[in-house]
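# need a 3D model of the sequence below.
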Amino acid sequence: MADMLQVELVAADRTVWSGEAEMVIARTVEGDVGVLRGHAPMLSLLTQATVEISPHEGAVVVAVVDGGFLSVAGDRVSILSERAVLAEEIDISEARTELEAARGLSGNEGEARIRHAEARIRAVERVS
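Residues are numbered from 1 along each chain as shown. Below you'll find the predicted structure:
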C-alpha cells in the first residue's frame, strides 16, 4: 500500500522482518523515536534495546537489537544491527538465567550483559 512504511529489520546473518508497517518505535542514543509515514529523513545510532514494528496487519512485532543503525528516507525504514532476534525466538527462562549471571559480573561487561538480558526479557513480556 502506498500509505504504509516499508520496513526492513536486518541482522548480519539474516533479514529478521520485512514488510509494510504503520509505525516503528526504536531507542536511539538520543532517546526513543517513533516513525510514521512522512517522517523526516534521518540516520541514527541504535542502543541495545527493543524495537517495535506495528505492521499493517497482525500483531506488533517486537525484536531485540544489539545496537546498530536506524535509517529513515522516503517512507522506508531500515533497522540494521549485528544481532537482532524476534521476541518469539527468545527463551525467557534462559534470558532470566543470563540476567542472574550478569548481575554477578562487574564493570562495563557486566552492565552490557545486564542490559542485553533485560531487553530480551522486556521483549518477551511485551508480546505475552
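
# quick one, strands of this structure?
5-11, 15-28, 31-35, 42-55, 61-73, 76-81, 84-86 (DSSP state E).

# tell me the angle the first one makes with strand 15-28.
Angle, strand 5-11 to strand 15-28, by axes from the mean of the first three to the mean of the last three CA atoms, to 10 degrees: 100 degrees.

# in strand 5-11, which residues are buried?
Neighbour-count burial for strand 5-11 flags 5, 7, 9-11 (criterion: 16 or more other CB atoms under 10 Å). Bear in mind the C-beta positions are built from the backbone N, C-alpha and C, glycine included.

# by contact count, what packs against the top helix by length along the chain?
For the chain, the longest helix by residue count, based on DSSP state H, is helix 107-127. Packed against helix 107-127 by the contact rule (3 or more CB pairs under 8 Å, 6 or more residues apart in numbering; DSSP states H and E) you find strand 42-55, strand 61-73, helix 92-103.

# how about the ones you listed in JSON lines, adding mean neighbour count?
JSON lines is the format used below for the helices and strands packed on helix 107-127 (neighbours: other CB atoms under 10 Å):
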{"stretch": "strand 42-55", "mean neighbour count": "18"}
{"stretch": "strand 61-73", "mean neighbour count": "20"}
{"stretch": "helix 92-103", "mean neighbour count": "14"}
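
# which one, of these, ends up nearest to residue 117?
Closest of the helices and strands packed on helix 107-127 to residue 117 is helix 92-103, at 3.7 Å (criterion: CB to CB).

# send me that closest one as CSV with only the CA atoms.
The C-alpha trace of helix 92-103 is given here as CSV (Å, rounded to 0.1, in the frame of the first residue of the first chain):
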residue,chain,number,x,y,z
ILE,A,92,12.5,-16.4,28.7
SER,A,93,14.0,-18.8,31.3
GLU,A,94,17.4,-18.7,29.5
ALA,A,95,17.2,-14.8,29.5
ARG,A,96,16.4,-14.8,33.2
THR,A,97,19.4,-17.1,33.9
GLU,A,98,21.6,-14.8,31.9
LEU,A,99,20.4,-11.8,33.9
GLU,A,100,21.2,-13.5,37.2
ALA,A,101,24.7,-14.5,35.9
ALA,A,102,25.3,-11.0,34.6
ARG,A,103,24.5,-9.4,38.0
